[in-house]
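> Just the structure for this:
(one chain, ligands or ions: 1)
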Amino acid sequence: MANKAKTRKKSRPDAVDLRPDKEEQVEMKTLVKDERTLKIIGAVCLLLAIFLFIAFSSYLFTWKADQDKVFRGGSYFLFAEDIKVANLLGRLGAWVSHFFFYKGFGLASYFLCSLFFVLGANLLFRKKLFRVSRNIRYVLVGLLYFSVSLAFFSGSSSFAWGGAVGNMISKWMTSFLGTIGTAAILLLGGIAYFIWRFNPQFDVPKIPKLPTRNQQSESQNDTLTPPLPVDEDEEEVENSGARLLVDETLASKNGLKKKGGIVVVPPAEEEEMIPFDIIEKEEELVAEITPEPEPEPEPEPEPVHEVKPPVVIAPPVKKNQPVEDLPLEIKSQPLSEESEEDAVKVDELPPYEPTLDLRDYKYPGLDLLETHGSEKIVQDPAELEMNKNQIINTLKNYDINIQKISATVGPTVTLYEIVPAAGVRISRIKNLEDDIALSLAALGIRIIAPIPGKGTIGIEVPNVKKTVVSMKTLLSSEKFTHNNFSLPIAIGKKIDNENFIVDLASMPHLLMAGATGQGKSVGLNAILVSLLYKKHPSQLKFVLVDPKKVELSIYRTIEHHFLAKLPGEEEAIITDTKKVINTLNALCIEMDNRYDLLKEAGTRNIKEYNEKFIKRRLNPQKGHQFLPFIVLVIDEFADLIMTAGKEVEMPIARLAQLARAVGIHLIIATQRPSVNIITGTIKANFPARIAFKVSSKIDSRTILDAGGAEQLIGKGDMLISYNGELTRLQCAFVDTPEVEEVTDFIGNQRGYPQAFLLPEYVDEKDMEGKDFDLGDKDPLFEEAARLIVANQIGSTSLLQRRMKLGYNRAGRLMDQLEAAGVVGPNLGSKAREVLIKTEHELEEFLTNM
Ligand SMILES: Nc1ncnc2c1ncn2[C@@H]1O[C@H](COP(=O)(O)OP(=O)(O)OP(=O)(O)O)[C@@H](O)[C@H]1O
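Predicted coordinates for the structure are as follows:
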């Protein structure tokens, strides 16, 4: 994320910048870049393409009639009203076609229509429907080649087949190369283009030789045995230019000669014998460019249930306080003013609609995002061929024979999938991994032996030209816009170009690691932006922890929509370690509170609970409320663990173990994936893990339990371990200014009065040392003691509920009761022991105090 700080900092304009002509230039620039201007230009280009096409086509039939008139009209032809022409598009059509056909390129002028069409379509639809640069290349070459060829082969026809340009070049070539030379060059040009474009396979017909009986039996034996070492004879054969045939079965079928278990063939035949497929996957369907992720809710007809943002007012809680002790006061979107009565009327009521909290909220549109690069995956046939041959030859050097090889071109790497010949042990290939990588001499080669579930071997080779995967493409894909995931996140593209879009809720937590500058922050942004595109502020809250202080500050603007924080905190994005500890503990309390709510509601998870709440089966007066998902993002985990250790690790482990069902999910990123940072406890609870490029195999093992991440090539190249599978992805790219556009778009809308409040957490240490002076006891001390003894439960929340006290006061009372000896010490998750067993005993105790 090195670029983001730069992008945000804007230097102060100096006086020169403010000159009026400069301003004018800027205005012109914005006008030219304006989407509408570009659309108008696009429409003009399209019309031009149609105009030229009609004029040219008409010219084919009317040129004879019109040519003379154009000549005679000279420069006044266009304005001479008395001249009547036959061209369908009148004098302009006749003149334009005459100009391009006669004076220009002849029939090849049709290429110009295609150029205007491509430009027009791309500009009008604001999409790269066609590659303009490639089209321009084709048009230029086509104009030249066809005009010259047509002029040359049409001889002295009166129709301008090749136009003046074609004629001129063809004449020059004929005088230079002679007629035969020119014809040969032109034919060669055509054939060369055809071969380059379609790479046809020219099979030399083979003369079948009948194998001798000996050869037949040898071949049957050989197909089942691994190749033997080369003996002197074979070396001789090799030195003489003959090479190993990769598929021995095929060889024996063709009756070719073998020596000591090795089949030899003339060199030219070898590569033809191994089938090489290039697997192309259809790009995924792309949905319309501005999807509304979720339908706008119908405005609620009756204002009976004035919906207010949920405000959780939870009193401060002590560390290690038992769950039952945790009181929960929730003032939340009331069912109605008079709840008792309304609870009866529930069935009349329309379903609760959480999004009505902010009914005018608009989801961010795809126009806020950019398309980076060409997007289209480039397949260079020469590169594929070269790598294929190199792989075959390298493996052959290690006596590994291949039956078949196929290539799948991905955005950053190409996967060569190899079917080894019968008898080749996969473990051998695995053991040779480093040597093979060295021989292939490319950075970032990863060998997957075998590809799980396939029995083939994969070799991933980085592409010379890599394709950036834009976030915009993923977010506009069918898979993202139409899914019923609770928390859909678009992470990137697989090697076969399939979009990798998964549900964070089912992951359920994510660990991310990668050396600095390899794409971690971009990855985090991709995940956060995905969620912002799909979720309403009432459905999702983020808790953002950013010890580095710069990475997540972009999200500050959406505080009143999507962020959660501790009560009384100014900043929603947490950068201070002490506050991180409090926040994590507050999240644990939130989790416990949610479990209580789920238990009371008789539901197993947040989905069931919210469904019940929406159907108005749960009474807000009893503390029930619609529960938004909470996603905790920690951008630099290493710093936290180094400074706070167990204090951070324990609540995180607890959340990771338990929080999934109540809709709290964790995303933790770190630059340093070492075992003292990603401890066993953390790792065990994060089944989904992402690794960007790391510096060593050990780091890769720490994060993924497998090597491979050290061989990635950076810039968003990543491995994800999810559902027990390891998948290589190219992470979606979303630049900081794009994220800013999205957060500004959200931040500028009406939001909640404040961030979502987490329950308050008070560290026990802060409460310690406040010794109880009996003379200074709380006026409610006796009443509290009676309540505790009567119930025989030493619980602070009992005091709060029954005596209608705030947390602080109830906590203080409990401390005083402990100091006086009414209750025992804090027992963590359990209620305190009550030391006085009967009311009578208590009364005696109180009188003696
Ligand atoms: N998915 C991607 N596609 C293309 N380029 C990328 C991608 N991800 C990252 N990059 C490039 O790599 C640079 C560094 O990425 P990023 O800031 O995410 O790294 P980082 O691992 O977070 O580094 P740090 O930990 O130092 O912040 C980006 O500025 C961008 O140029």
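> Number of residues surrounding the residue nearest to residue 713 when sequence neighbours are not counted?
Counting by CB to CB, 6 or more residues apart in numbering, residue 444 is the residue found nearest to residue 713 once chain neighbours are left out, at 3.9 Å. C-beta coordinates here come from the backbone N, C-alpha and C atoms, glycine included. Using other CB atoms under 10 Å, residue 444 has 18 neighbouring residues.
> Start the count at 349 instead of 1 going forward.
Got it, the first residue is 349 from now on, which makes the last one we talked about residue 792.
> and residue 792, that's in a strand?
No - applying DSSP: H, G, I helix; E, B strand; the rest coil, one finds residue 792 to be coil, outside a strand.
> Tell me, please, where in the stretch 999-1148 of the chain the pLDDT is lower than the cut-off.
1111-1123 (pLDDT under 70).
> what does it have sitting close to the ligand?
The stretch 999-1148 of the chain comes close to the ligand at residues 1019, 1063, 1064, 1079, 1081, as judged by CB under 6 Å from any ligand atom.
> okay, now the fourth one: neighbour count?
The criterion is other CB under 10 Å. On that basis, residue 1079 has 31 neighbouring residues.
> Check the third one too.
Residue crowding around residue 1064 was assessed by other CB under 10 Å; the count is 27.
> just checking, it touches residue 819?
No - with contacts defined as CB atoms under 8 Å, residue 1064 does not count as touching residue 819, sitting 10.9 Å away.
> Now for the two: what residues contact both?
Residues touching both residue 1064 and residue 819 (CB atoms under 8 Å, 6 or more residues apart in numbering) are 1080, 1081.
> so where is this protein shaky, pLDDT-wise?
For the chain (pLDDT under 70), the answer is 349-375, 377-378, 476, 544-622, 627-695, 789-791, 1111-1123, 1176-1177.
> Buried ones in the longest helix seen in it, by neighbour count?
When the chain is parsed with DSSP state H, its longest helix is helix 383-421. For helix 383-421, the neighbour count (16 or more other CB atoms under 10 Å) marks 390, 393-394, 396-397, 399-407, 410-411, 414-415, 417-418, 421 as buried.
> what residues does the helix or strand that that helix is followed by touch?
Downstream of helix 383-421, the first helix or strand assigned by DSSP states H and E is helix 438-445. With CB under 8 Å, 6+ apart as the test, helix 438-445 has contacts from 399-400, 402-404, 406-407, 410-411, 414, 417-418, 425-426, 428, 431, 433-435, 437, 457.
> quick one, phi/psi of residue 800?
Per-residue torsions, residue 800: phi -50, psi 130 (degrees, to the nearest 10).
> repeat for residue 858
phi -130, psi 130.
> what's near enough to touch it?
852, 875, 1013, 1014, 1015, 1016, 1034, 1036, 1037, 1038.
> repeat for residue 1063
Per CB under 8 Å, 6+ apart, neighbours of residue 1063: 760, 814, 866, 867.
> same question, residue 394
The neighbours of residue 394, taking CB under 8 Å, 6+ apart as the test, are 464, 465, 468, 469, 472.
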